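I would like the atomic coordinates for the input below:
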Amino acid sequence: MNLTFRQLRAFREVMRSGSISEAARTLGRTQPSVTSMIANLEAELGFDLFLRQRGRLVPKPEAHYFFEEANHVLDRLAQSARTMQQIGDLERGQLRIACLPAASGFWMPRLVSEFVKTRPHVSVSLMMRSSKIVEELVASQQYDIGLAETPERRGTLALREFRQDCVCAMHKDDPAAAHETVTPKDLTALPMAALYKDHVTFKGTRNAFDSAEAVFNQRFELQTFLPALELVEQRLCYTVCDPITAASYPIYRRDNSALVFRRFLPAVSSSISILTPAHRPSSEIADAFSDLLATRLAPLS
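Presented below is the predicted three-dimensional model:
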């Protein structure tokens, strides 16, 4: 059986209007074409749906039953068309995002909120994981987008890399806050909060102090930089942190910001990347969010 969309529409309009001529006007077609579609539909079904009486079509009981079926099919097709249009217009879909801890607390949720605010039918799964786990989740195609410290190149991942220079966080009343830049000499022997010793920012900061022959006094060793900002607020230390952590601070402190961030020289750089599966095409909604993510990362690089 080879029923067509046009045959079903023609049949439905004939049932609704009770007239070939009225159905033709509604469909914007000629009467002969509608008559032909009804005849071809009946031929495909193998029986007549209408009695022909004095030029009129009188629906048989089978026509009333088929009318319900045709309505169901056409309504379902129309709903599918609307859904696909919403997907194409980025109004419907699902995003699965895996994110490193530095961005997952405040910065990434703010970006997701901005993206979905006008898209009530877009659902999001946002998971905080270490950069290594984010890499594996995206490479195995379990997640659409990852934000992580830049991994080694591999065939299963596509990368959009952003190099970032760290900044120095200090209390806004600190005398050093009056300067645009901070150096290791300015911080020599002062208490510092830094990440664990294998992290690239720790190595870069320590090397900067050693090169300047300044004393690096690490009082606090942390897993992420966000807790360091609370310690800096309490005037217990300084920290040289990544710019995403710095950008997160005004989001959660709002009008109660006690810290300022100053350029740290010599530059302590790290690299962060947007990760996507290399062997699976991205959805339209994932591409749109990835582009938004890139535009927000670019000023931090």
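
How about the contacts made by R263?
Listed by Cβ atoms under 8 Å, 6 or more residues apart in numbering, the contact partners of R263 are 165, 167-168, 180-182. (Each C-beta comes from the backbone N, C-alpha and C, glycine too.)

SS state for it?
Three-state call for R263 (DSSP: H, G, I helix; E, B strand; the rest coil): strand.

quick one on the thing from earlier: just flag the most distant two among the contacts of R263.
Within those, two members stand farthest from each other by Cβ to Cβ: D165 and E180, at 13.7 Å.

Show me which of these two is the more surrounded one.
Ranked by neighbour count (other Cβ atoms under 10 Å), D165 and E180 place D165 first, with 17 against 7.

Hmm, H279 is touching R154, no?
No. The pair H279 / R154 is not scored as a contact, 11.3 Å apart, by Cβ atoms under 8 Å.

pLDDT score for T26?
The model reports T26 with a pLDDT of 89.

Run through the residues that contact A193.
Applying Cβ under 8 Å, 6+ apart, the residues contacting A193 are 218-222, 225, 227-228, 231-232, 236-239.

if you average pLDDT over whatever helix or strand it lives in, what comes out?
Using DSSP states H and E, A193 sits within strand 191-195. Per-region confidence: strand 191-195 scores 97 on mean pLDDT.

returning to that earlier point: just the contacts of R263: which are in helices?
Residues of the contacts of R263 located in helices (DSSP state H): none.

For burial, what's the neighbour tally of the residue lying closest to P59 once chain neighbours are set aside?
Of all residues not flanking P59 in the chain, F50 sits nearest, at 5.8 Å (Cβ to Cβ, 6 or more residues apart in numbering). The number of residues packed near F50 is 19, by other Cβ under 10 Å.

And the pLDDT at F50?
On the pLDDT scale, F50 gets 88.

Quick one: residues contacting it.
By Cβ under 8 Å, 6+ apart, F50 lies in contact with 14, 38, 42, 57-60, 63.

cool, P59 as well?
Each residue near P59 by Cβ under 8 Å, 6+ apart is listed here: 15, 49-50, 67.

can you tell me which two in those are farthest apart?
F50 and F67 (11.4 Å).

can I see the domain layout of this protein?
Here the domain parsing of the chain from automatic domain parsing is 5-88, 94-161+273-300, 167-267.

From start to finish, how long is the longest one in a straight line?
Read that as domain 167-267. Terminal residues of domain 167-267 lie 9 Å apart, using Cα to Cα, to the nearest Å.

one step back: go through the contacts of A193 and say which is closest to G93.
The closest of the contacts of A193, once distances to G93 are taken by Cβ to Cβ, is F225, at 32.5 Å.

what about L41, distance to L49?
Distance, L41 to L49, using Cβ to Cβ, to the nearest Å: 7 Å.

Quickly list what's touching both of these two.
Counting by Cβ under 8 Å, 6+ apart, the contacts common to L41 and L49 are F11.

low-confidence ranges in the protein?
Low-confidence segments of the chain (pLDDT under 70): 1, 55, 81-92.

need the helices for it, in chain order.
5-17, 20-27, 31-45, 61-88, 101-104, 107-116, 131-139, 184-187, 200-211, 226-233, 243-253, 284-297.

What helices and strands are in contact with the longest one?
Read that as helix 61-88. helix 5-17, strand 92-99, helix 284-297 (3 or more Cβ pairs under 8 Å, 6 or more residues apart in numbering; DSSP states H and E).
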